[in-house]
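Q: sequence? don't have it. structure:
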């Protein structure tokens, strides 16, 4: 009650405020408290996703960084779902599936006309690249400047956001692949080439900014798919046995480049 009475009295009593200011107040502490109060007031309430991440051990500052990543927003996830639904519908509306061979090793995807699968096969590796471009683009990410100024390692920010992009893009794609008009093991053969394209983009980010790397690698993937379609009759050959081996080698090589040149990511993120 005494403290409350003082708080009620001080706003209307200039002499008391002056005496208290001169004798008892620690201005540095008041400034620090004021900044803390303002920061807490300005901080939005944790979302349900943030709270879920915190429950599984993710530090609060990383949880906040993840939920503001563009590829984890509801609008972005809805867009990914819509694109996958269109590709899935195109797979059913296209010509008949007559792939030969069997099993996830032999695959047989390059042996026959797999017209139904082509839209989906070409699209899936591009989804993570679009997420990377959005997460590290000055124009598409509204908190880009804040993330750069945050007291976090650029390498840490890069890998945390990249992991979020991969999960948010590939998980819906693999689920949608279960609905493709083909063998049930198709989601398995989609995973490694998609990871190879993403890993190559991340490795290229040590030389150029991540958004440019994603756009360049995505263009290269489309050109490769078109070339395989012209030369071998179907771009699905990239998902056959040879394509799986080459994809694995690309993933290993890209991870090696990322480890060797991880210091360059600091500069790339800052740009």
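A: Nice, I can see it. Since this is a predicted model, take the numbers as computed values, not measurements.

Q: ok, now how distant is residue 68 from residue 134?
A: Distance of residue 68 to residue 134, computed by C-beta to C-beta, to the nearest Å: 12 Å. Where you see a C-beta, it was placed from the backbone N, CA and C, and this is true even at glycine.

Q: Low-confidence stretches in this protein?
A: Residues of the chain meeting the criterion pLDDT under 70: 1-3, 22-23, 40-44, 94-116, 137-154, 181-185, 233-235, 265-271.

Q: Find the centremost residue of it, please.
A: residue 165 (1.7 Å; C-alpha atoms, centre = their mean).

Q: Let me see the contact set for that one.
A: 69, 71, 128, 131-132, 135 (C-beta atoms under 8 Å, 6 or more residues apart in numbering).

Q: again, but for residue 204
A: Contacts of residue 204 (C-beta under 8 Å, 6+ apart): 213, 216-217.

Q: how about 6 Å then?
A: residue 213 (C-beta atoms under 6 Å, 6 or more residues apart in numbering).

Q: Count the neighbours of the spatially closest residue to the residue nearest to the centre of the chain that is not a sequence neighbour for me.
A: What sits nearest to residue 165 in space, not counting adjacent residues and going by C-beta to C-beta, 6 or more residues apart in numbering, is residue 131, at 3.7 Å. Residues contacting residue 131 under the criterion other C-beta atoms under 10 Å number 27.

Q: just checking, residue 131 touches residue 69?
A: No. In this structure residue 131 lies outside contact range of residue 69 using C-beta atoms under 6 Å: 8.2 Å.

Q: Mutual contacts of the two, please.
A: Common neighbours of residue 131 and residue 69 (C-beta under 6 Å, 6+ apart) do not exist.

Q: follow-up on the earlier one: biggest separation within the contacts of residue 165, which pair?
A: 69 and 128 (12.5 Å; C-beta to C-beta).

Q: So for the two, which sits in the more crowded spot?
A: Per other C-beta under 10 Å, whichever of residue 69 and residue 128 has more neighbours is residue 128, with 27 against 24.
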